[in-house]
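In: need a structure here:
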Amino acid sequence: MFFSEAERQLGELAGRGFVVIEPNVPAFKACAPNKQWPLERYNAVARALQDAGHEVVQLAYAKGKVVAGARPIKSPNFRAGLAILSRAALYIGPEGGLHHGAAAVGVPAVVLFGGFIPPAVTGYPGHTNLTGGAEACGMLSPCAHCRAAMAAISADEVIGAALARLPLPGLEAVQVPG
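Out: Numbers count the residues shown, from 1 in each chain. Next up, the predicted model:
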């Protein structure tokens, strides 16, 4: 990804080393219910990461679910969102545009796939891809199998995967001589 000077500046204003958490899936897509993880679990993940010393942010826009305690960062468009994401230590959210964006800008991710589409199709080997143990069905309409797969992904599983990918707070700025 190449960013314009304005996009780079927007990213710089966001800071560095935070966790981007995204609970929203595009509501206009018929498959959206199959990719939605419960907001209360995103909130639990955000609290645990904050308690461990990590800053949690969410890209802010007009509509959608808001993660409690996450610092909102205004993102006027997808490219601006990627400029912000490029400065993150980790992305946590559903399979979709931002998980592809994380791969494009080299940011590790914990991706909630559930049972809709297999990670072998749209996942990346450098990401932790969680399915809830389900085989993908590809159902485009609301599906009990997909809801069950998402329900099988616990907040503790996401927290563990996130902490395994994150540096210890304060160590990201340490310079090693040599």
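In: give me the local confidence score for Leu171.
Out: We have a pLDDT of 54 for Leu171.
In: what of Ala148?
Out: Looking at Ala148, the pLDDT reads 92.
In: and for the one 5 residues further on?
Out: According to the per-residue confidence, Ile153 scores 97 in pLDDT.
In: the residue nearest to it when sequence neighbours are not counted: what's it in contact with?
Out: Leaving aside its chain neighbours, Ile153 sits nearest to Gly132 (4.5 Å; criterion: Cβ to Cβ, 6 or more residues apart in numbering). In this view, the C-beta of every residue, glycine as well, is placed from N, C-alpha and C. Each residue near Gly132 by Cβ atoms under 8 Å, 6 or more residues apart in numbering is listed here: 114-115, 148-153.
In: if we use 6 Å, what do you get?
Out: Gly132 makes contact with 114, 149, 152-153 under the criterion Cβ atoms under 6 Å, 6 or more residues apart in numbering.
In: which of those are buried? Put it as a PyMOL command.
Out: Buried residues among the contacts of Gly132 (16 or more other Cβ atoms under 10 Å), as a PyMOL selection:
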select buried, resi 114+149+153
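In: give me phi/psi at the spatially most central residue of the chain?
Out: Nearest to the mean C-alpha position of the chain, by Cα atoms, centre = their mean, lies Ile92 at 2.3 Å. Backbone torsions of Ile92, given as degrees, to the nearest 10, read phi -130, psi 120.
In: same deal with Phe28?
Out: Its backbone dihedrals place Phe28 at phi -70, psi -10, with angles given as degrees, to the nearest 10.
In: returning to what we had before: look at the residue nearest to Ile153 and report its pLDDT.
Out: 93.
In: how about Val121?
Out: 94.
In: coming back round to it: in contact with the residue nearest to the centre of the chain, which residues?
Out: Shown in contact with Ile92 (Cβ under 6 Å, 6+ apart): 21, 110, 162.
In: swap in 7 Å and give it another go.
Out: By Cβ atoms under 7 Å, 6 or more residues apart in numbering, the residues touching Ile92 are 19, 21, 45, 110, 158, 162.
In: closest one of these to Arg79?
Out: Ile21 (19.8 Å; Cβ to Cβ).
In: mind checking how far the closest one is from Ala48?
Out: 11 Å (Cβ to Cβ, to the nearest Å).
In: more neighbours, these two?
Out: In this view Ile21 and Ala48 are compared by other Cβ atoms under 10 Å, and Ile21 has more residues nearby, 25 against 18.
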